[in-house]
Each structure stands twice: as C-alpha cells, then as structure tokens.
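>>> pasting the structure only:
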C-alpha cells in the first residue's frame, strides 16, 4: 500500500520566533521522522511576493527560515524539503488551474474580501484599491502547491481551511472536465495547535511586533523575556497561572513535572523577576544546541542551499512526470 503524502507550506516572511517553533516547527520536525508516510515541506517564497516587496528581506528570510527548520532537526533524508521557486512545474500548473477557476470563487477568498472591506470602510471609491493580482490569485498558487505532489493530507489551521476547500473545488472541476487526474486533498485541522502570547500579552505575531526570535543570542533573549508584561502583584502574593504569559511560554517547553512545580511556586507567590529569570534560563538551555547549529548554517548558506536543491531534485522526480500527464490530458502534447 502506497504511503499517504502530507504536504506543509512554510511562509518565508520574517525571522522565526518561539511561537513558530512551538506551533509549527517542533511538531513538523517530529512528523518528518515518521516512516509510515511521505512528508513534503516547502519554503513558499513565491507566496511571499504577495506580502513583501523588499527583495533583500525575502532572500534573508528564506535563509533564516530554512536554517531554523534544519537546525531544529528536520529529517531531510526521510522527508522532502524544497523551495517552491525551484519547482518550475508549480507555476505551469498554476496557469493551467486558472483555466478551471471561476472568478466568483476568487471573489469569496477571505484575504481578498478583507482588503475590499477595509477599502469600503475607509470611504475609497475603488473597492480594489491597492490589491495586486498576487493577492487575488493566491489561492490558485496554493492549490498548485498542493495538487502538484498528489498530497492526501495538508495540516492547516482553521484560518486556512477555506483555501483547502477552494483547492478541492478547483481539482474537482478539472477532473470533471479532463478525467480523474488530480488527487483531492483533505485538510488536517490542528485542533490543539499551540499558540503563544507575545511580550504584550496579545498573540505572538510579527504583525504586533511582540515576538521573541527563536535563536536570539543569550543577551537579547534575556532582555526580551524581561520585557514580558505582568500584573502588579508583589513577591509573596499568590499568583494565577491563567492569563500569565510567562507561565504559558514555560508550559510550552517544560515537562508536566516541571510545570506542576512552577504552578506550586505561583501559588506561593513567586516574584515576577524570579519567574522571568527561570523562564530565560530554561528556554536558553533548551534551544542552545539548535542555536549553535543555526548560527553555523547562517554563516555558511551553501549548506542550506545544498539541502534545498537536494530536496528539489527529489520533488521533481514526482512533479515532472505528473505535469506530463496533466499536459497530455489538456491537449498540450507532442504533435508527432
């Protein structure tokens, strides 16, 4: 029986932070070692063009993200790790899929509708003001990413569920017209995906500028953790773990026994400064080996490049012949 294919896209905008690690990198690294399935992980660098226009930042972010996943232990022997832009078949399939995608379907995309709504609320006469076709066609490129590799399962958050539904709609319409060629993927919704709070208590996000970079050096890591927002309770006063960003982050890294011990110290009134120092030391010890590997990879990008090209070569063993099948089905084939 053929192994199921799992496919995960990795955004390449911004420096990875500890929220990315807990919510995405750590579980993906564990899955990459699973011999019972085929795992594909790709850097979605073309997607980043819809969100960023600084070429140097896009380039740097691709390096930082790839290095972070490798440093954390992604198994690139078992899993396929590649860069979207190294697979030309994806862009060709994107164009092919546009011929089977209704404009009305794209009009319903949440990302597009959100910008239209913002324009209308601001009083703009043009509801499409500032909207590039990259944003509008984003779901089609995402569909091509998934369909190109016959993915059976795609782990996504609830906010990405609509894209999966659109991918299935596009694939079904294609298959109805050309025959059962494309594999209909299923969304694997992460019900218990960890989400960490940031320095100000809101969700940790680059948009809020409240993140803790995963591989910040010791001095900066400590400085950022000391900035985490707390309440005004004094040392010795019992404290609640609920709503405590310090506790939440500690719990995401520590063992159940260690968490229970800290819960006792909260009840005993641990000082916030003491808890911040404890959290810093724990995270610093936890990430130190990976940080050393990350620094090594950043200093020698050629190592990262080789890994990505090796992954692209393996990925194209599937994408090249599969696109040949698709081309044949739509009538783009040899005349002789």
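Nice, thanks for sending it over. All figures in this text were calculated on a predicted structure; none of them were measured in a lab.

>>> in the protein, which helix has the most residues?
For the chain, the helix with the greatest residue count under DSSP state H is helix 301-330.

>>> Share the number of residues neighbouring residue 4, please.
14 (other CB atoms under 10 Å). C-betas here are computed from N, CA, C, even on glycine.

>>> leaving aside the residues next to it on the chain, what's closest to it?
The shortest distance from residue 4 to any non-neighbouring residue, by CB to CB, 6 or more residues apart in numbering, is to residue 152 (4.3 Å).

>>> same check, this time on residue 166
Distances taken as CB to CB, 6+ apart place residue 139 nearest to residue 166, at 4.7 Å, with adjacent residues excluded.

>>> In contact with residue 65: list those residues for me.
10-12, 16, 43 (CB atoms under 8 Å, 6 or more residues apart in numbering).

>>> Over to the residue nearest to residue 4: give its phi and psi.
Torsion angles at residue 152 (phi, psi; degrees, to the nearest 10) stand at phi -90, psi -40.

>>> one step back: show me what counts as buried in the longest helix of the chain.
Within helix 301-330, the residues scored as buried using 16 or more other CB atoms under 10 Å are 304, 307-308, 311-312, 315-316, 318-319, 322-323, 326-327, 329.

>>> What is it packed up against?
When contacts are defined as 3 or more CB pairs under 8 Å, 6 or more residues apart in numbering; DSSP states H and E, helix 301-330 sits against strand 38-44, helix 55-71, strand 80-83, helix 88-98, helix 272-299.

>>> which element follows the helix or strand containing residue 6 toward the C-terminus?
For residue 6, the element it lies in under DSSP states H and E is strand 5-11. Next in sequence after strand 5-11, counting helices and strands by DSSP H and E, comes helix 18-20.

>>> To residue 159, which of the helices and strands packed on helix 301-330 lies closest?
Closest of these to residue 159 is strand 38-44, at 15.2 Å (criterion: CB to CB).

>>> Can you give the strand pairings for that closest one, parallel or anti for each?
Using DSSP bridges, strand 38-44 pairs in its sheet with strand 5-11 (parallel), strand 80-83 (parallel).

>>> picking up where we left off before, which SS class is the residue nearest to residue 166?
helix (DSSP: H, G, I helix; E, B strand; the rest coil).

>>> Quick one: low-confidence residue ranges for the stretch 51-200 of the chain.
Filtered on pLDDT under 70, the stretch 51-200 of the chain yields the residue ranges 191-193.

>>> all strands of it, in order?
For the stretch 51-200 of the chain, the strands defined by DSSP state E, counting those that start in this stretch cover 80-83, 153-156, 186-189.

>>> next one: the first one to chain centre, how far?
Using CA atoms, centre = their mean, to the nearest Å, the distance from the centre of strand 80-83 to the centre of the chain it belongs to is 13 Å.

>>> can you check the second one too?
Shown here is strand 153-156, whose average C-alpha point lies 11 Å from the average C-alpha point of the whole chain (CA atoms, centre = their mean).

>>> residues making contact with it?
Contact with strand 153-156 is made by 4-8, 28, 146, 163-164, 185-190, as judged by CB under 8 Å, 6+ apart.

>>> and with 10 Å instead?
The contact list for strand 153-156 (CB atoms under 10 Å, 6 or more residues apart in numbering) reads 4-9, 24, 27-28, 31, 37, 39-40, 142, 145-146, 160, 162-164, 167, 185-190, 193.

>>> Then the last one?
Residues from elsewhere that reach strand 186-189, judged by CB under 10 Å, 6+ apart: 4, 6, 8, 146, 151-158, 160-165, 167-168.

>>> do that again at 6 Å, thanks
Strand 186-189 is contacted from outside by 153-156, 161, 164, using CB atoms under 6 Å, 6 or more residues apart in numbering.

>>> do the first one as well
By CB under 6 Å, 6+ apart, the residues outside strand 80-83 that reach it are 40-43, 45, 308, 311-312, 314-315.

>>> So what's the residue count around the closest residue to residue 307 other than its chain neighbours?
Spatial nearest neighbour of residue 307, chain neighbours left out: residue 76 (5.7 Å); criterion: CB to CB, 6+ apart. Neighbour count of residue 76, defined by other CB under 10 Å: 18.

>>> ok, now residue 158?
Burial measure for residue 158: 11 neighbouring residues, criterion other CB under 10 Å.

>>> ditto for the one 10 residues further on
Neighbour count for residue 168, taken as other CB under 10 Å: 18.

>>> Then the one 3 residues further on?
A total of 21 residues lie near residue 171 under the criterion other CB under 10 Å.
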